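A.B. asks: Okay, here's the prediction I keep looking at, along with the sequence it came from:
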Amino acid sequence: MIELQEVSKAYQTDKGHTWAVGNVSFSIAQGEFVSIVGPSGCGKSTLLNMIAGFLEPTSGVIRVAGKPVQGRVPESLGYIFQKDTLLPWFTVYRNVALGLKFQGVPESQIRPRVKQLLELGHLTGFEQAYPHQLSGGMRRRVALLMSLAVEPSLLMLDEPFGALDTHTKTHLHRELMEIWSKLGQTVVMVTHDLDEAITLSDRVVVLSSPPSRILLDERIDIPRPRDVFTVRESPEFVRHFQSIWSVLGEQFRSAA
Ligand SMILES: Nc1ncnc2c1ncn2[C@@H]1O[C@H](COP(=O)(O)OP(=O)(O)O)[C@@H](O)[C@H]1O
Ligand SMILES: [Mg+2]
C-alpha cells in the first residue's frame, strides 16, 4: 500500500538547509498498522506529510497503492494532524459531516452516516455540542470520526492522543482498535508513546535523530484482538518494550 525508497527531506532556511529526513526506505502492506517513533525533530511529521502528498521529498520515491505520490494527495486519505483541527464554530455534527459535504454527498445520506459514526465513537447525544464544550478526549474522538467519515483506506495519525491522560488514552486505544478491526484501513501513526505504539501496532519503526534513518523495524507478534487494558502486563509486551526501548532510549539520550 505504501512504499518509500531512499526518501530524504531537507528544509531551506535562512542559514542554508537542514536535513530533517536522512534516508528512509520501508513499505507497509494493505491493512497493516505501523507506528513511527523517534526523538522530537527527527522528521516524523515530515514523513507523514510526504506520504500524504502535502510535501515533496528532496530525493527518493514514495508510492501509495502503486502510484508515485509527487504532490498528489492519495484519493482515499484520512489525516489527523498533531494540532487540534476541529472547526470551533461548527457543532460536532457539522465537523464530522464536513468531508462528506466537500464530496457533495447529499444531506439525506450524510445524516445516517454521521449518526452511525457518532455511535461508533460513543458521542451520541453530542451532535449539537461545540468543540469548546467537549473534553480533550472527546475532541480527539471527533477528529478521528472526521477523518473516518470519508471512508479512507489510508489513515495517517500524527500523535493523535498526544496530550491526553493515560485513562482517556487507553479508552481511545480500545475505540481505535475496534474501528480498525471493523474497517481494516492501512494506518501510519506517529507517536512519542512507546506503550501506545506496541499496544496498537503490527510494526514499530524507530527513527534516529536527524537526519533520520531507520534504526529498528520490529514486528509486534502479540495476538489480536488485544485487550488494551491488560496487554501491557503480558510477557511479549515487556519483551518488545525492552528491545525497542534499548534503541529508542539511546536516541533520546543522545538528543538530550
Ligand atoms: N517548514 C519547515 N521549515 C524549516 N524546518 C522545518 C520545517 N518543518 C520542520 N522543520 C525541521 O525539520 C525537523 C523535523 O521536523 P518534524 O518533521 O516536525 O519532526 P517531528 O515530527 O519528528 O518532531 C525539525 O528539526 C524541524 O525544526
Ligand atoms: Mg511532529
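C.D. replies: Right, received. Where do you want to start? Ligands and ions are numbered 1, 2, ... in the order given.
A.B. asks: What's the local residue count around residue 161?
C.D. replies: Residue 161: 26 surrounding residues under other CB atoms under 10 Å. To be clear about C-beta, it is placed using only N, CA and C from the backbone, and glycine gets the same treatment.
A.B. asks: hmm, I was thinking of residue 253
C.D. replies: 9.
A.B. asks: quick one, strands of the stretch 151-256 of the chain?
C.D. replies: Using DSSP state E, counting those that start in this stretch, the strands of the stretch 151-256 of the chain run over 154-158, 186-190, 203-207, 212-219.
A.B. asks: Save those as a markdown table, and put in distance to residue 47 and mean neighbour count too.
C.D. replies: Listed next are the strands of the stretch 151-256 of the chain as a markdown table, based on distance: least, CB to CB, whole Å; neighbours: other CB atoms under 10 Å:
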| stretch | distance to residue 47 | mean neighbour count |
| --- | --- | --- |
| strand 154-158 | 10 | 23 |
| strand 186-190 | 8 | 24 |
| strand 203-207 | 8 | 23 |
| strand 212-219 | 8 | 16 |
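A.B. asks: can you list those in TSV and add mean pLDDT and distance to ligand 1?
C.D. replies: Output for these, formatted as TSV (pLDDT from 0 to 100; distance: least, CB to the nearest ligand atom, whole Å):
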stretch	mean pLDDT	distance to ligand 1
strand 154-158	93	7
strand 186-190	96	6
strand 203-207	97	7
strand 212-219	97	8
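A.B. asks: need these in CSV with distance to residue 196, can you?
C.D. replies: Shown next, in CSV, are the strands of the stretch 151-256 of the chain (distance: least, CB to CB, whole Å):
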stretch, distance to residue 196
strand 154-158, 10
strand 186-190, 8
strand 203-207, 10
strand 212-219, 15
